[in-house]
Every structure is written in structure tokens, then in C-alpha cells.
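got a predicted model here, sequence first, then my questions.
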Amino acid sequence: MELTYTIRAGDGQEYGPATLEQITGWAREGRVNQQTDIRRSDMQHWAPAGGFVELQAVFAPTTPSATPQVISPSPAPADGDPALVAQMKSGASWFYWIAGLSLINSISAAAGWDFRFIFGLGITQVLDAMGTQFGGSAKIVTLGLDLVVAGIFILFGVFGHKRHLWAFIVGLVLFTIDSLLMLIFQDWISLAFHVFVIFCLFRGMQACRGLNQS
């Protein structure tokens with residue numbers, strides 16, 4: 001299937017889907033520049049037009065020359081394939097969501113509120129239950145441990161965005177182990193969403209490996 005493109009203009013409107021030939025024509029007409037946000041049909045995120053290898057030739061400055069020049073292939077963008085970069089960042093961002101929602105669950109448990117997010121970590125829920133059971137200073141201790149656990153996953157997100165493959169691997173293993181708690185507690189809805197997050201993290205890890213090997 002031929003790839004198509006959608007652009008987001010300065011007025012916030014989206015135009016497309018368009019073929020590569022149409023996008024190239026728009027660029028020559030000045031309707032698309034290197035900073036224009038574009039989403040290719042195989043991508044989930046927007047990326048600047050100047051980052052697409054197939055569009056770099058139309059943005060290359062042309063200077064008059066008296067002698068023929070040998071045209072060399074356009075180099076790949078410094079950040080790599082925009083589709084892989086977007087996929088990697090999307091996967092790494094899940095570490096932030098895991099940490100943030102787990103902390104909200106912990107604060108809710110400490111305050112005695114009756115709600116939680118299904119994307120939260122199982123281990124923090126166990127700690128929260130222990131803090132609620134013993135009460136008093138135990139709640140403060142368990143909340144501190146929750147902060148440490150959330151901080152670890154935030155670090156996975158930071159290093160994942162910087163293309164550190166180990167962050168994806170370790171974070172994915174720990175979250176998979178944490179998902180086993182949902183299986184033990186027979187919390188099937190949370191387990192199903194944990195499996196979805198594991199899939200997203202795995203895709204991010206694959207994209208990170210691909211970028212590092214290119």
C-alpha cells in the first residue's frame with residue numbers, strides 16, 4: 001500500500017491524506033516547509049517535514065553553478081527514521097504514565113479515597129494495602145517507598161527517550177513481573193491493560209534497537 005501524508009498547517013487545520021508527489025508539489029509551492037508538522041500513514045505521531053528522508057531533496061538549497069555537480073543521495077536525518085523515533089518515544093512515555101498513575105493511586109489510598117487507575121503498578125498497591133492495614137506512620141513509609149518505585153520508572157522513561165536500550169529491557173521485565181501480581185489477585189481488567197502497556201513498551205524497545213543499529 002502506498003504511503004500517504006497528512007500535514008498540519010499553521011492555522012491548526014489538517015490537510016490530506018496526500019501522496020508523496022502531492023506533498024513535494026506543496027513544498028515547491030511554499031505551502032510546506034521544513035518545520036511543517038507531517039504525519040505519515042505508518043506513523044502515530046507528528047514530525048517536522050525536514051526530518052523525512054524522502055522530502056529532504058526538495059528542501060535542499062540550490063545554488064547556481066557553472067560546472068555540473070554530482071548529486072549524492074540525501075543523508076539520513078541525524079535523529080534517524082522519524083517513524084522509529086516516534087514509536088520509540090511513544091513507548092518510553094508509557095514509563096511516565098505508569099509512574100504518575102501509580103503515585104495518584106498511592107495518594108488516593110493514603111487519603112482513603114475509593115478509586116484507582118488500572119495502569120498503576122501492582123507492587124505499589126500491595127505497599128498501599130500494607131500501609132492502610134498498619135496505619136499511622138506506616139502510611140508515610142509506604143508512600144515514600146511508592147515514590148522510590150515511581151522514580152525508578154521515571155528514570156526508565158528519561159533514558160528510554162535518550163535511546164538507552166537497557167532502560168526498555170529492564171523496565172519491560174519489571175513491569176511484566178509486576179503484571180503477575182494482577183494475575184495472582186485475579187484482577188483481570190488491570191491485567192488486560194497491563195498486557196497492552198507491555199505491547200507498547202515492546203514496540204518502543206524494538207524501535208530503539210532499530211535506531212541504534214542504523
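That came through, no problem. Every value quoted in this text rests on a predicted model; they were computed, and no experiment measured them. Residues are numbered from 1 along each chain as shown.

contacting residues around stretch 135-147?
Here stretch 135-147 makes contact (Cβ atoms under 8 Å, 6 or more residues apart in numbering) with 102-103, 106-107, 110, 124, 127-128, 130-132. Every residue, glycine included, has its C-beta placed from N, CA and C.

any chance of those residues in a markdown table, plus neighbour count?
Shown next, in a markdown table, are the contacts of stretch 135-147 (neighbours: other Cβ atoms under 10 Å):
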| residue | neighbour count |
| --- | --- |
| S102 | 26 |
| L103 | 22 |
| S106 | 27 |
| I107 | 13 |
| A110 | 16 |
| T124 | 26 |
| L127 | 22 |
| D128 | 24 |
| M130 | 14 |
| G131 | 23 |
| T132 | 14 |
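
now do the longest helix belonging to the chain: which elements does it pack against?
Taking DSSP state H as the criterion, the chain has its longest helix at helix 82-111. Where contact means 3 or more Cβ pairs under 8 Å, 6 or more residues apart in numbering; DSSP states H and E, helix 82-111 is packed against strand 47-48, helix 122-134, helix 137-161, helix 165-184, helix 188-213.

domains in this structure, as residue ranges please.
Structural domains annotated on the chain: 1-57, 83-213, as defined by automatic domain parsing.

so which of those domains is the most surrounded?
Highest mean neighbour count of the domains of the chain: domain 83-213, a mean of 18 (counted as mean count of other Cβ atoms under 10 Å).

how near is the residue nearest to K89 when sequence neighbours are not counted to M88?
With sequence-adjacent residues excluded and distances taken as Cβ to Cβ, 6 or more residues apart in numbering, K89 is closest to H161, at 5.9 Å. From H161 over to M88 the distance is 8 Å, taken as Cβ to Cβ, to the nearest Å.

check I98 too.
From I98 to M88 the distance is 17 Å (Cβ to Cβ).

check C208 too.
In terms of Cβ to Cβ, C208 sits 5 Å off from M88.

between the two, what contacts are shared?
Counting by Cβ under 8 Å, 6+ apart, the shared contacts of C208 and M88 are 160, 163.

name the residue closest to the centre of this structure, please.
S90 (1.3 Å; Cα atoms, centre = their mean).

which ones are touching that residue?
S90 is in contact with 44-45, 200, 203-204, counting by Cβ under 8 Å, 6+ apart.
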